[in-house]
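> can't give you the sequence, but here's the structure:
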């Protein structure tokens with residue numbers, strides 16, 4: 001039962017990803033051919049592989065992580081607070097090392113869970129795959145290759161899966177769920193489709209970090225609503 005989960009034992013996670021290169025022409029020839037084959041499954045008639053390269057960031061084989069934000073709910077003077085810390089930068093291997101070290105430290109302190117929106121299909125496998133590719137040890141929580149779903153669902157929570165109640169037919173965005181549950185979200189921010197442009201063309205990593213951290217806060221608010229509890233006020237949000 002969700003109501004029985006101690007939210008203070010959950011690390012709320014969100015990642016932001018971009019294509020490995022600024023544009024298709026900078027891809028090595030081998031990967032240009034491989035992207036051509038990969039993108040053939042979703043390209044519209046008449047589109048080229050280069051024209052859809054901005055979507056490469058959602059595939060761990062063709063993209064990289066530029067930000068991982070992690071948030072926790074904790075008590076301060078009898079009131080719930082929310083603290084978020086981000087691991088971000090141009091050096092993906094470095095930020096992954098920092099994230100994994102943090103995760104292992106938390107694990108040694110006691111029982112913890114991760115929570116992400118669509119984490120089962122995106123965030124968790126993406127992090128694990130990029131760890132493998134960059135040579136970073138996969139954290140124990142995410143080292144689940146070959147594991148059965150029921151072996152991981154207690155520690156790898158996913159608000160999308162919780163919302164589906166076993167229905168596998170459709171995707172429901174975090175933005176839509178926040179609207180349904182009347183969770184305030186900022187309207188002056190970027191969305192996921194703009195991250196690559198902000199990263200490569202605007203060179204504004206800080207803006208991406210802010211966007212990622214706000215999503216993590218919204219994720220924690222959604223989980224509180226799933227538990228039948230009140231959301232946190234905006235002033236409860238703080239960065240580490």
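Received, thanks. Here the structure is a predicted model, which means the values were calculated and not measured. Numbers count the residues shown, from 1 in each chain.

> after the longest helix anywhere in the chain comes which helix or strand?
Longest helix of the chain, by residue count under DSSP state H: helix 205-226. Using DSSP states H and E, the helix or strand that follows helix 205-226 in sequence is strand 237-239.

> Partner strands of that following strand and their direction?
strand 79-88 (parallel) (DSSP bridges).

> Buried residues in the partner strand, which are they?
Of all the residues in strand 79-88, those buried under the rule 16 or more other C-beta atoms under 10 Å are 80, 81, 82, 83, 84, 85, 86, 87, 88. (C-beta placed from N, C-alpha, C; glycine too.)

> quick one: that strand to helix 205-226, angle?
The directions of strand 79-88 and helix 205-226 differ by 140 degrees, with axes from the mean of the first three to the mean of the last three C-alpha atoms, to 10 degrees as the criterion.

> mind checking the SS state of the residue sitting furthest away from the middle of the chain?
What lies farthest from the middle of the chain is residue 46; by C-alpha atoms, centre = their mean that is 32.0 Å. Look at residue 46: counting by DSSP: H, G, I helix; E, B strand; the rest coil, its state is coil.

> and it, how far is that from residue 37?
Distance check for residue 46 against residue 37: by C-beta to C-beta, to the nearest Å, it reads 18 Å.

> Also residue 13?
Residue 13 is 31 Å from residue 37, by C-beta to C-beta.

> circling back: which of the buried residues of strand 79-88 sits closest to residue 21?
Distance to residue 21, by C-beta to C-beta, is smallest for residue 88 among the buried residues of strand 79-88, at 18.8 Å.

> doesn't residue 211 make contact with the closest one?
No - counting by C-beta atoms under 8 Å, residue 88 sits too far from residue 211 to count as a contact (11.0 Å).

> Between residue 13 and residue 37, tell me which one has more neighbours.
Comparing residue 13 with residue 37 by neighbour count (other C-beta atoms under 10 Å), the higher total belongs to residue 13, at 25 against 9.

> Helices along this structure, start to end?
Using DSSP H, helices in the chain cover 29-39, 92-109, 123-134, 149-152, 159-164, 174-180, 195-200, 205-226.

> quick one: residue 75 and residue 14, what's the gap?
According to C-beta to C-beta, residue 75 and residue 14 sit 23 Å apart.

> The two: which is more packed in?
Shown here are residue 75 and residue 14; by other C-beta under 10 Å, residue 14 has more neighbours (28 against 9).

> In contact with that one, which residues?
68, 69, 116, 117, 123, 212, 215, 216, 219 (C-beta atoms under 8 Å, 6 or more residues apart in numbering).

> Got the phi and psi for the closest residue to residue 106 other than its chain neighbours?
Using C-beta to C-beta, 6 or more residues apart in numbering and skipping residues adjacent in sequence, the residue nearest residue 106 is residue 112, 5.0 Å away. When read as degrees, to the nearest 10, the backbone of residue 112 gives phi -130, psi 160.

> Report how many residues lie close to residue 112.
Neighbourhood size, residue 112 [other C-beta under 10 Å]: 16.

> now swap in residue 206 and tell me
12.

> Give me the distance between it and residue 178.
Distance, residue 206 to residue 178, using C-beta to C-beta: 23 Å.

> measure stretch 54-71 end to end?
End-to-end span of stretch 54-71 (C-alpha to C-alpha, to the nearest Å): 28 Å.

> ok, back up a step: buried subset of the contacts of residue 14 as a PyMOL selection?
Listed next is the PyMOL selection for buried residues among those, using 16+ other C-beta under 10 Å:
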select buried, resi 68+69+116+117+123+212+215+216+219
